[in-house]
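> Give me a model of this one.
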Amino acid sequence: MSQANPKLNWCIARLGSDLNWWVQEISDEIHWDVDGLGIVDPRQVSYIIDLLEPLQEYHLDPQLFENAFFGFAIGREVEDGKVRLARTKSSLLEAEEPLFALPDVIDEEKGPYADFIDHVTRLRVRLLNDLIDFSQKLTVEELEEEIREQQNSDLLEGRATHFFQEITSILEYVPEGYELEADEEPKTSSEEDAVEEGFSDLTDEDETIEEDDTMKWDEDSDDEEKSEDKPSES
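The predicted structure follows:
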């Protein structure tokens with residue numbers, strides 16, 4: 001379960017041109033700087049959970065995953081491409097509704113998110129050393145160096161590295177010149193479909209929030225369309 005933060009009650013997220021979600025406003029402005037602050041959307045959370053599955057046999061600690069994020073439920077649409085999210089203490093692994101996940105980076109160096117990243121990096125290296133016959137064992141330092149190079153490249157080009165990109169770059173990492181067999185890669189389609197279906201059931205008192213291919217939410221206009229289709233009475 002994510003650690004408590006009484007001031008972190010809500011945030012407003014916007015859909016970026018890169019189709020990732022970014023925090024625009026947040027209730028706790030003292031501890032959080034929204035400049036370049038990404039938030040992981042429900043489909044991405046599901047995808048990450050699938051990528052973590054192969055690490056279970058390497059003693060993956062699911063509590064580190066739970067502690068690394070603050071969960072947010074979808075509240076209501078603010079305007080096109082923006083949605084208000086409400087803090088929830090529901091487990092990301094056991095939640096019945098799709099949840100956004102904000103990494104706990106209040107302490108970037110030693111916080112829960114940093115612990116999670118360190119944990120999965122080490123397990124990914126162990127997995128790769130088991131599956132690939134390297135001439136020399138892959139090291140954690142080598143993987144971390146490549147990730148830093150990618151992030152530095154983004155920074156030089158004026159792009160913020162989204163948390164989803166950082167996590168998947170580790171969990172999908174394979175050294176250049178090598179590849180894993182197809183049956184060793186995680187299967188994610190069924191999980192993503194389940195999350196997509198869940199979005200159609202998300203409602204509040206006044207409106208229905210639906211998902212399209214770009215994860216934008218539009219107000220339900222079915223009633224208006226039906227009224228337009230009805231023939232006028234003479």
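> Could you say which helix or strand holds residue 66?
helix 62-67 (DSSP states H and E).
> How far does that helix sit from its chain's centre?
14 Å (Cα atoms, centre = their mean, to the nearest Å).
> Would you mark the buried spots in that helix?
For helix 62-67, a neighbour-count test (16 or more other Cβ atoms under 10 Å) marks 64, 65, 66, 67 as buried. Bear in mind the C-beta positions are built from the backbone N, C-alpha and C, glycine included.
> Phi first, then psi, for residue 91.
phi -70, psi 130 (degrees, to the nearest 10).
> That one contacts residue 69, doesn't it?
No. Using Cβ atoms under 8 Å, residue 91 makes no contact with residue 69, being 10.3 Å away.
> Which of these two has more residues huddled nearby?
residue 69 (23 against 15; other Cβ atoms under 10 Å).
> Tell me the spacing between residue 75 and residue 39.
Plainly put, residue 75 is 14 Å away from residue 39 if you go by Cβ to Cβ, to the nearest Å.
> And these two? Which one has more around it.
For residue 75 versus residue 39, neighbours defined as other Cβ under 10 Å are more numerous around residue 39 (26 against 17).
> Can you pull the phi/psi pair for that one?
phi -140, psi 140.
> Quickly list what it is bridged to.
Following DSSP bridges, residue 39 is listed with bridge partners residue 21.
> Which other helices and strands does the longest strand seen in the chain contact?
In the chain, assigned by DSSP state E, the strand with the most residues is strand 69-79. Judged by 3 or more Cβ pairs under 8 Å, 6 or more residues apart in numbering; DSSP states H and E, strand 69-79 is in contact with strand 10-15, strand 82-88, strand 99-103.
> average model confidence for the shortest one?
In this case it means strand 99-103. Averaging pLDDT along strand 99-103 yields 98.
> tell me what that strand is packed against?
Counting by 3+ Cβ pairs under 8 Å, 6+ apart, strand 99-103 packs on strand 38-39, helix 42-52, strand 69-79.
> Nearest to residue 151 among the ones you listed would be which one?
strand 38-39 (12.6 Å; Cβ to Cβ).
> Report the mean confidence score over that closest one.
Per-residue scores along strand 38-39 average to 98.
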